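[1] Sequence plus the predicted model coming up.
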Amino acid sequence: MSWMKDLSGPGEKSKPYKDESTEKVADPNIPNRMVSNKKANRPFLAYKEYRDSQEALHVAWLKKKEAHDAAVARGEKVKPLEPDPTAVQEVGLLGLLKFIVIVVFMFALAGKFLTGSYTWESNSKWLQAKTYIPKGGGQRLFSQEGLATFNGEDGRPIYLAIDGDVYDVSKGKAYQPGGSYHHFAGVDAARAFGTGCFATHKTHDLRGLTDAEYAGVQHWKQFYANHKDYVKIGKVLHPPLDYDSPIPQHCNPPKPKSPSKDAQKDSKTDHKEL
Ligand code: HEM
């Protein structure tokens, strides 16, 4: 590795390195040794200075403590002793909690700033208030007639049912009177969710659905259960099905064209099953 020893060109003899740039100061760690006060050494020198100043502060505090303890022992009335200025502050559980709250807050704020949503547009049920504050626990029981009155007319709320579960969907634009899915208001049209026969399948009767249609119903059930704006408020009680009655005929709706990207984006609706 002779090439490492001498990087100077042939003919030039390299001088051994000697730092003559700055004045020398006492090495704070090794007695009787002088070291250069050059820039690279300053952090070490400064740290030693800092440690010395801390030590001095600590010694001063110990003296105060001694005097304080002695005064207490003599039964004198003394002010409480100030804490040791050099004591390392422990983070503790409260500090950790504060840190977590701040991080979560900053994360949510960044989400609002970057995506317009505090939850980064996630619809996870763990991020929804309704998971932690269930309104009435979803325990109300509706008759079909009672449910039908909650159709958004005369300023009433809009409830819809799917396969027995009743949801308050008043926040959904599509269900308002005149909206494209107002036909779901006040009824359990579970079958229509699977078949797309919105006019003729306003029934909870799921007999004879194909696997794909049945999966469609399950998809929409999940959609309502996980939706951030819709709250489950109870169940609808259906009269028993007459199994001898004919299975509702399929309407075979002409397949509409895929919705435009804008419409899909606006609706924030998941139509994966279609
Ligand atoms: C089985 C067939 C279908 C079912 C069960 C169905 C169901 C629904 C439901 C329940 C909503 C409201 C979701 C919400 O609460 O936000 C909705 C919205 C929407 N659907 Fe469908 N849909 C079907 C087929 C289609 C098709 C084929 C199209 C394409 C033209 C379409 C376009 C839309 C649009 C644009 C919205 C948003 C409407 C708005 O927010 O005003 N849907 N759909």
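    Now that the structure is in, tell me what you want to look at.

[2] Kindly provide the distance from residue 72 to the ligand.
    71 Å (CB to the nearest ligand atom, to the nearest Å). C-beta coordinates here come from the backbone N, C-alpha and C atoms, glycine included.

[3] Just the pLDDT at the residue in the stretch 1-150 of the chain positioned nearest to the ligand, thanks.
    Sorted by distance to the ligand under CB to the nearest ligand atom, the residues of the stretch 1-150 of the chain start with residue 123, at 11.5 Å. If you check residue 123, the pLDDT there is 73.

[4] tell me the secondary structure for it?
    Three-state assignment for residue 123 (DSSP: H, G, I helix; E, B strand; the rest coil): coil.

[5] any idea whether the spatially closest residue to it that is not a sequence neighbour is helix, strand or coil?
    Nearest residue to residue 123 in three dimensions, chain neighbours excluded: residue 228, at 5.5 Å (CB to CB, 6 or more residues apart in numbering). The three-state assignment at residue 228 reads coil, by three-state DSSP.

[6] re earlier: from what I can see the residue of the stretch 1-150 of the chain closest to the ligand touches residue 229, true?
    No: Residue 123 is beyond contact range of residue 229, at 9.7 Å (criterion: CB atoms under 8 Å).

[7] Show the contacting residues for the spatially closest residue to residue 203 that is not a sequence neighbour.
    Closest residue to residue 203 apart from its sequence neighbours, by CB to CB, 6+ apart: residue 191 at 5.1 Å. By CB atoms under 8 Å, 6 or more residues apart in numbering, the contact set of residue 191 is 197, 201, 202, 203, 204, 205, 206, 209, 217, 248.

[8] let's go with 6 Å and repeat that
    201, 203, 205, 206 (CB atoms under 6 Å, 6 or more residues apart in numbering).

[9] The second one and residue 209, how far apart?
    In this structure, residue 203 lies at 12 Å from residue 209, with CB to CB, to the nearest Å as the measure.

[10] So for the two, which sits in the more crowded spot?
    Using other CB atoms under 10 Å as the criterion, residue 203 and residue 209 rank with residue 209 on top: 20 against 17.

[11] can you tell me which of the contacts of residue 191 lies nearest to the ligand?
    residue 201 (9.7 Å).

[12] Test my guess that the closest one contacts residue 192.
    Yes: because the distance of 4.1 Å satisfies CB atoms under 6 Å, residue 201 is recorded as touching residue 192.

[13] so the residue nearest the centre of the chain is in which element?
    Nearest residue to the geometric centre of the chain (CA atoms, centre = their mean): residue 119, 5.3 Å. Counting by DSSP states H and E, there is no helix or strand that carries residue 119.

[14] ranges for the helices of the chain?
    2-5, 42-73, 92-115, 129-132, 144-148, 190-195, 211-226, 261-267 (DSSP state H).

[15] Tell me which of those sits most buried.
    Mean neighbours per residue, mean count of other CB atoms under 10 Å, is largest over the helices of the chain for helix 190-195, with a mean of 24.

[16] Dump that helix to CSV, restricted to CA.
    Taking C-alpha atoms only, helix 190-195 is exported to CSV below (Å, rounded to 0.1, in the frame of the first residue of the first chain):
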residue,chain,number,x,y,z
ALA,A,190,-82.3,-5.9,-0.3
ARG,A,191,-83.1,-7.8,-3.5
ALA,A,192,-82.7,-4.7,-5.6
PHE,A,193,-79.2,-4.2,-4.2
GLY,A,194,-78.2,-7.6,-5.7
THR,A,195,-80.1,-7.4,-9.0
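
[17] tell me how far it is from the chain's mean position?
    33 Å (CA atoms, centre = their mean, to the nearest Å).

[18] same check, this time on stretch 168-182
    The answer for stretch 168-182 is 29 Å, by CA atoms, centre = their mean.

[19] Next one: that stretch, is it in contact with the ligand?
    Yes: judged by CB under 6 Å from any ligand atom, stretch 168-182 and the ligand are in contact via 172, 173, 174, 179, 180, 181.
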